[in-house]
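**Student:** Just to be clear, the model below is a prediction. Sequence and coordinates:
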Amino acid sequence: MNLVVGTTGLLGGEIARRLAAAGKRVRALVRPTSDPHKLEALRNEGVELIEGDLKDRASLDIACQGAMSVVSTASATLSRQPGDSIDSVDRAGQINLVAAAKAGGVRQFVYISFRENPKLDFPLQSAKLEVERHLRESGLSYTILKASLFMEVWLTPALGFDAAAGRARIYGAGQNPISWVSYRDVAAFAVSALTNPKARNAAIEVGGPEPLSPLQVVKAFEDMTGRKFKVEHVPEETLRQQYTSATDPMQKTFAALMLMYALGDAIDMKKTLKDFPVQLTTVWDYARQAMRQTG
């Protein structure tokens, strides 16, 4: 049995679907307040649902019973309910899950983290680094996937990148390369980590096939659509002011993530791909898909 935590989110749902499609038994930890349409979609994929909450250790102990692996993608950053916070979910909740997995005899724990920036200090990064440390010290066999920026999050209208309207918001000067990655590829790495011996007790950096600056991404979309984009820049100085002045943990985190975007995040994936032969999605692949969806 494979327990997946965070299945009503983009990445967790994809991991659960891939495991189920491969004929693996999958159990999803869900909350009573989860979107019923998403729960029905999981059931239709053959996923077993079990109610629980990262803030409720007893429910995690029950969920881990009989599980050979745990994959956790859960975070309070994009989906929050009463009582959810970076501290209660991304830190304490994930630590609860590590402890429950250890107590339940789980053999492999795959934790989805992200690429930290040592020049910045903010709540989400601190929480994830603490969970990583707990996982390393737990005695569990673990894999930590340290993913770069998701195309399906940062290159969407929600964050100012509106391909259909020909508009792009760029954080910073837009000249520093980023290893944009598709959540589907991160899901492929997570599934592979459950059986690939090279994933055992390893932290793996995960990015796209080619680092591109935000302005290069805009150019790729312009070439794809045949139209000139209207580009809006949020100056790095403004991002730093937002970062230094933020007092709310979530605001501090979002300001820091935008600043990380401005500073760039390039990963050389050549060696990793030799050990994990995942067919990575390019920005051009994503652009074609995005334009098809917008008509």
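**Tutor:** Sure thing, it's come through.
**Student:** Now for Val110, which secondary structure element holds it?
**Tutor:** strand 108-114 (DSSP states H and E).
**Student:** which other residues reach whichever helix or strand comes after that strand?
**Tutor:** Moving toward the C-terminus from strand 108-114, the next helix or strand (DSSP H and E) is helix 123-137. With contacts defined as CB atoms under 8 Å, 6 or more residues apart in numbering, helix 123-137 is touched by 75, 77, 86-87, 90-91, 94-95, 98, 109, 111, 113-114, 116-117, 142, 144, 201, 203, 249-250, 252-253, 256-257. Backbone N, C-alpha and C define where each C-beta goes, glycine included.
**Student:** Report the residue spans of the protein with pLDDT below the cut-off.
**Tutor:** Residues of the chain meeting the criterion pLDDT under 70: 294-295.
**Student:** Dump stretch 198-208 to PDB, keeping only the CA atoms.
**Tutor:** These are the backbone C-alpha positions of stretch 198-208, laid out as PDB (Å, rounded to 0.1, in the frame of the first residue of the first chain):
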ATOM      1  CA  LYS A 198      19.500   5.300  -6.300                       C
ATOM      2  CA  ALA A 199      16.700   7.300  -4.700                       C
ATOM      3  CA  ARG A 200      17.400   5.600  -1.300                       C
ATOM      4  CA  ASN A 201      18.400   8.100   1.400                       C
ATOM      5  CA  ALA A 202      19.000  10.800  -1.300                       C
ATOM      6  CA  ALA A 203      18.100  14.400  -1.800                       C
ATOM      7  CA  ILE A 204      17.500  15.000  -5.500                       C
ATOM      8  CA  GLU A 205      17.300  18.300  -7.300                       C
ATOM      9  CA  VAL A 206      14.500  18.400  -9.900                       C
ATOM     10  CA  GLY A 207      14.200  21.000 -12.600                       C
ATOM     11  CA  GLY A 208      13.400  21.200 -16.300                       C
END
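**Student:** mind listing what's buried in it?
**Tutor:** For stretch 198-208, burial by neighbour count (16 or more other CB atoms under 10 Å) applies to Ala199, Ile204, Glu205, Val206, Gly207, Gly208.
**Student:** Mind putting those into a markdown table with secondary structure and distance to Val234?
**Tutor:** A markdown table is the format used below for the buried residues of stretch 198-208 (DSSP: H, G, I helix; E, B strand; the rest coil; distance: CB to CB, whole Å):
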| residue | secondary structure | distance to Val234 |
| --- | --- | --- |
| Ala199 | helix | 37 |
| Ile204 | strand | 31 |
| Glu205 | strand | 26 |
| Val206 | strand | 26 |
| Gly207 | coil | 23 |
| Gly208 | coil | 23 |
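**Student:** can you list those residues in TSV and add distance to Glu137?
**Tutor:** Below are these laid out as TSV (distance: CB to CB, whole Å):
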residue	distance to Glu137
Ala199	18
Ile204	19
Glu205	21
Val206	23
Gly207	27
Gly208	31
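**Student:** Out of the residues you listed, which comes closest to Gly226?
**Tutor:** Gly208 (23.7 Å; CB to CB).
**Student:** Disregarding flanking residues, what is the spatial nearest neighbour of Arg169?
**Tutor:** Gly160 (2.6 Å; CB to CB, 6 or more residues apart in numbering).
**Student:** got the contact list for that neighbour?
**Tutor:** By CB under 8 Å, 6+ apart, the neighbours of Gly160 are Arg167, Ala168, Arg169, Glu232.
**Student:** How about Glu210?
**Tutor:** Ser179, Thr282, Val283.
**Student:** One more: Ala147?
**Tutor:** Contacts of Ala147 (CB under 8 Å, 6+ apart): Ile112, Ser113, Phe114, Arg115, Val181, Val186, Val206, Gly207.
**Student:** Is it possible to get CSV of the residues you listed that adds distance to Pro36?
**Tutor:** Output for those, formatted as CSV (distance: CB to CB, whole Å):
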residue, distance to Pro36
Ile112, 25
Ser113, 30
Phe114, 30
Arg115, 34
Val181, 30
Val186, 26
Val206, 32
Gly207, 35
